[in-house]
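J.: Predicted model and sequence below, questions to follow.
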Amino acid sequence: MQPTSFEDTSLVHAPAHPLALSVNGAAVSVTVDVRTLLVQLLRDELRLTGTHVGCDTSQCGACTVLVDGEAVKACAVLAVQVEGREVRTIEGVAAGETLHPMQEAFREHHGLQCGFCTPGMILAAMDMVRRHGPLLDEGTVRAELEGNLCRCTGYHNIVKAIIAGARAMDAAPAVGLD
Ligand code: FES
Ligand code: FES
């Protein structure tokens, strides 16, 4: 049996895969290398760079997006796993010029400093409301934020913003949640 040659490109070129999904309400059809991560598809192919990469090892939560409303870390999901699904990134949260109530709450309560973690925080918060309802308490929010790291704020204002944003979403449930 012949030893494997480093020139054997069959080992380094994975097959391309056609992929159809919805991103921020728009139909997307692309062809991807089957090894492409969802975060790579969003940032590198679709230029949706509001989805950040902080750790690349599914710890920081900066890459959090919604898939069918559920928060997922886009660095830990293959693009082909979201075939036929609805993906929402931070770019698809506001309604035109009108901020989503959770975005507005982060602005109002100073829930960010550098802003690197903020897209992931906001999308994680939206999923929190989906699962726990609008009357979030501080303990729930802090426990839920275990997977989202912030280097700047000390979390206090993030927690305040999420509690306020959840109540505001209840008052305006249709904004940015089509
Ligand atoms: S970049 Fe995905 S969790 Fe940190
Ligand atoms: S605001 Fe800077 S990392 Fe959170």
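T.: The structure has been received and is ready for your questions. Numbers count the residues shown, from 1 in each chain. Ligands and ions are numbered 1, 2, ... in the order given.

J.: Ligand 1 contacts on this structure?
T.: 53-56, 58-63, 73, 75 (CB under 6 Å from any ligand atom). Heads up, the C-betas are built off the backbone N, CA and C, glycines and all.

J.: Now for those residues, which sits with the most neighbours around it?
T.: residue 63 (27 neighbours; other CB atoms under 10 Å).

J.: Quick check: phi and psi at that one.
T.: Here is the backbone geometry of residue 63 (degrees, to the nearest 10): phi -100, psi 10.

J.: first to last residue in stretch 54-71, what's the distance?
T.: Between the opening and closing residues of stretch 54-71 there is a gap of 16 Å (CA to CA, to the nearest Å).

J.: Which helix or which strand is home to the residue nearest to the spatial centre of the chain?
T.: Closest residue to the average C-alpha location of the chain: residue 65 at 1.7 Å, with CA atoms, centre = their mean. When secondary structure is defined using DSSP states H and E, the element that contains residue 65 is strand 64-67.

J.: got a pLDDT number for residue 2?
T.: In this prediction, residue 2 carries a pLDDT score of 48.

J.: Would you mind giving the domain segments of this protein?
T.: The record assigns the chain these domain ranges, following automatic domain parsing: 9-92, 101-171.

J.: can you tell me if the host helix or strand of residue 103 touches ligand 2.
T.: Using DSSP H and E, residue 103 sits in helix 101-108. No. Applying CB under 6 Å from any ligand atom, one finds helix 101-108 separated from ligand 2 by no less than 9.6 Å.

J.: Check the average confidence over that helix, would you?
T.: For helix 101-108, mean pLDDT rounds to 98.

J.: Show residues contacting the helix or strand that it is followed by.
T.: Downstream of helix 101-108, the next assigned helix or strand under DSSP H and E is helix 118-132. With contact meaning CB atoms under 8 Å, 6 or more residues apart in numbering, helix 118-132 is reached by 50-52, 60-66, 69-71, 88-90, 93, 100, 102-103, 106, 111-112, 136, 140-141, 144-145, 147-148, 150, 158, 161-162, 165-166, 169-170, 177.

J.: Whichever of those residues end up buried, select them in PyMOL.
T.: To isolate the buried members of the contacts of helix 118-132 in PyMOL, using 16 or more other CB atoms under 10 Å:
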select buried, resi 50+51+52+60+61+62+63+64+65+66+71+88+89+90+93+100+102+103+106+111+112+136+140+141+144+145+148+150+158+161+162+165+166+169+177
